[in-house]
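S.K.: Here is the input, now give the coordinates:
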Amino acid sequence: MPWTRARDVARNCVEEALPAVTRDIADALGHALAEPLTALTDLPSFHSSAMDGWAVAGAGPWRLRPGRVLAGASAGPLAPGTAVAIATGAPLPDGSCAVLRREHGEVTAGHELRYGGRGPLPEGCDVRPRGQECRAGEPLLPAGAAVTPAVLGLAAAAGYDRLTVHRRPVVELLVLGSELLGAGPPRDGRVRDALGPLLPAWLRGSGARVTGRRLVSDDLGLLRAAVRGSAADVVVTTGSTAAGPADFLHDVLDEAGARFLVDSVAVRPGHPMLLAELPPAADGRSRRLVGLPGNPLAAVAGTATLAVPLLRRLGGHRDAVPLRLPAAADLSAHPRYTRLLPVRRLTHEVAPLPFDGSAMLRGLAFADGLAVVPPGGVPAGTEVEVLEAPAA
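M.R.: Got it, this is the predicted structure:
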C-alpha cells in the first residue's frame, strides 16, 4: 500500500472520537477539547494597571492621595486633579484616566505629582482595559484543540474549573522478541530493548494513555494470550510483523478473526507495518492493533505512519496543519518507495542526518522530525513534508 494511502486509512478508520468526559482542569492536560472553549468573563474583568506607579484623574500636576491600591484590593474614586499610588494588576479607581508609571513620575515635597515626560500624559496610558483580551461568551479555542499547559492557563483565567474533553485512547505496548534485554548492555547475541523506553513517550505525545509495557518472548501461545487479554483501545506491538520463523503476529491475528486494514506499506524503513481491527472488547468497545517492525527506526516510521494519526483521531484531536520546508540538500529515496528520513531543522529548511539505517537511532536522537521523501527523492530546495516528533 502507498505510504500516503496507509496514513489516510489509519486516520479515517475511526468513525468518531472516543466519548467526551469532564475532567478537573489539572487533569485535562493532553486531552482534546470536546466542545469549544468560550470565555466565562471579560478578560481582564476590570480596568487594571499595567505598571507600578500612580493612577491619575484629569490633567496634571496631581495632588497625591495617601495610601496605595494593591492587586486584589480596590479603592474609592479619584477626583479630577488627584492621584494615588497603584501596583501592577490592581483595579483602577473610578475616575482614573491613565497610569503614570513610577519611572516617569516626580513627587514634590508638597505631595504634588508631576509627569516627567514631554507633553500631557496620554489618556489610557498603561491601563489594561476591561475586555482587552476577550469578552464574555467569545470563542477562545475550537473543539479538537489540544489541551496544552498554555490552554490550561487560558481556561483558568477565563473562569473554568473543569473542562469537557475526549477520553484519551488507552494503549498497551507489547515489545516482542526473545533476543531483547530489559537492562544492561547487549551481550551473548542479545540486544537491549530500545523501543520500550522510546515509544511510550511518543504515544503519550500523540494523545494516548499508555497503561502497560510488556516484553513478550517469541512464542505463539504467549503472544496469543497477550493480544487477546489486552483491554486497551489500541494494542501496539513491535516486531513479528514480517514472515520469519519466529514472526507469529499474523497467525495470532488470523486466529482471532482480526480484519487487516493495512498490511505492509511502500515505505523505507518500516515497510512490514500493519494495522488491524480486533474483535470488540467484552463491553463492546472497538479495539485495534498497530504492528510495528522490530528495528528501532523502522518502528518509529510505523508509529508516525499508523499509530499517530489513529491515536489523534480517536482522541478527538484536529488534524495538524502539514509542515512543509525546503530541503537543504538532495534527499535520496527508493525508486518506488517513500522514505521517512530523520532531519534537523535549520533556519528555514531541513537537513538530512547521518546514521539513518533501519536499526539505528543515533540520527533520530538529533532529529526534529521525519522528512517524507517521495519515491525517487527530491533535489535541494524542494519542499518536503516534515512529520514533527510529538512532545513527551
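
S.K.: can you pull out the strands in the stretch 1-150 of the chain?
M.R.: 20-24, 37-38, 48-49, 53-56, 62-69, 82-86, 98-101, 105-107, 112-115, 127-128, 139-141 (DSSP state E, counting those that start in this stretch).

S.K.: what's the pLDDT at the residue found closest to Gly357 once you drop the neighbours it is linked to in the chain?
M.R.: Nearest residue to Gly357, sequence neighbours excluded (Cβ to Cβ, 6 or more residues apart in numbering): Leu297, at 6.8 Å. In this view, the C-beta of every residue, glycine as well, is placed from N, C-alpha and C. Listed pLDDT for Leu297 reads 94.

S.K.: Packed most tightly, which of the strands of the stretch 1-150 of the chain would that be?
M.R.: strand 53-56 (a mean of 27; mean count of other Cβ atoms under 10 Å).

S.K.: circling back to that earlier point, kindly reformat the strands of the stretch 1-150 of the chain as CSV containing mean pLDDT and distance to Val384.
M.R.: Compiled in CSV, these are given as follows (pLDDT from 0 to 100; distance: least, Cβ to Cβ, whole Å):
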stretch, mean pLDDT, distance to Val384
strand 20-24, 96, 37
strand 37-38, 96, 34
strand 48-49, 95, 47
strand 53-56, 95, 52
strand 62-69, 92, 56
strand 82-86, 95, 54
strand 98-101, 94, 49
strand 105-107, 90, 56
strand 112-115, 91, 57
strand 127-128, 96, 44
strand 139-141, 96, 30
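
S.K.: now those strands as TSV including distance to Ser358?
M.R.: Output for the strands of the stretch 1-150 of the chain, formatted as TSV (distance: least, Cβ to Cβ, whole Å):
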stretch	distance to Ser358
strand 20-24	39
strand 37-38	42
strand 48-49	58
strand 53-56	63
strand 62-69	66
strand 82-86	64
strand 98-101	61
strand 105-107	68
strand 112-115	70
strand 127-128	55
strand 139-141	40
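
S.K.: Among those strands, which comes closest to Leu274?
M.R.: Of all those, strand 20-24 sits nearest to Leu274, with 30.3 Å by Cβ to Cβ.

S.K.: Using the three-state scheme, assign the residue nearest to Gly357.
M.R.: helix (DSSP: H, G, I helix; E, B strand; the rest coil).

S.K.: so what's it up against?
M.R.: By Cβ atoms under 8 Å, 6 or more residues apart in numbering, the contact set of Leu297 is 269-270, 342, 356-361, 363-364.

S.K.: Quick check: it vs Leu195, distance?
M.R.: Remark: distance between Leu297 and Leu195 (Cβ to Cβ, to the nearest Å) = 10 Å.

S.K.: Is Cys134 bridged to anything, and to what?
M.R.: Leu43 (DSSP bridges).

S.K.: Could you double-check that it sits in contact with Ala39?
M.R.: Yes - Cys134 is within contact range of Ala39, at 4.6 Å (criterion: Cβ atoms under 8 Å).

S.K.: Return every residue with contacts to both of these two.
M.R.: Common neighbours of Cys134 and Ala39 (Cβ under 8 Å, 6+ apart) are 140, 158.

S.K.: who has more neighbours, those two?
M.R.: Taking other Cβ atoms under 10 Å, Cys134 and Ala39 do not tie; Ala39 has more neighbours (22 against 18).

S.K.: count of neighbours near the spatially closest residue to Arg313 that is not a sequence neighbour?
M.R.: Using Cβ to Cβ, 6+ apart and skipping the chain neighbours, the partner closest in space to Arg313 is Val14 (4.4 Å). Using other Cβ under 10 Å, Val14 has 19 neighbouring residues.

S.K.: Ok, Pro122 next?
M.R.: 10.

S.K.: Kindly report the same for Pro245.
M.R.: The number of residues packed near Pro245 is 6, by other Cβ under 10 Å.

S.K.: Helix, strand, or coil at it?
M.R.: Relying on three-state DSSP, one would call Pro245 coil.

S.K.: confidence score at it?
M.R.: 83.

S.K.: rewinding a little: wait, doesn't the residue nearest to Arg313 sit right on Leu314?
M.R.: Yes - contact between Val14 and Leu314 holds when scored by Cβ under 8 Å: they sit 5.5 Å apart.

S.K.: Tell me how the protein divides into domains.
M.R.: 3-19+168-314, 21-43+133-166, 48-128, 323-388 (automatic domain parsing).

S.K.: Centre of the chain to the second one, how far?
M.R.: What it means is domain 21-43+133-166. Relative to the centre of its chain, domain 21-43+133-166 is centred 15 Å away, using Cα atoms, centre = their mean, to the nearest Å.

S.K.: ok, the closest residue to Val56 other than its chain neighbours - contacts?
M.R.: Distances taken as Cβ to Cβ, 6+ apart place Ala83 nearest to Val56, at 4.4 Å, with adjacent residues excluded. The contact partners of Ala83, taken as Cβ under 8 Å, 6+ apart, are 54-57, 60, 62-65, 100, 113.
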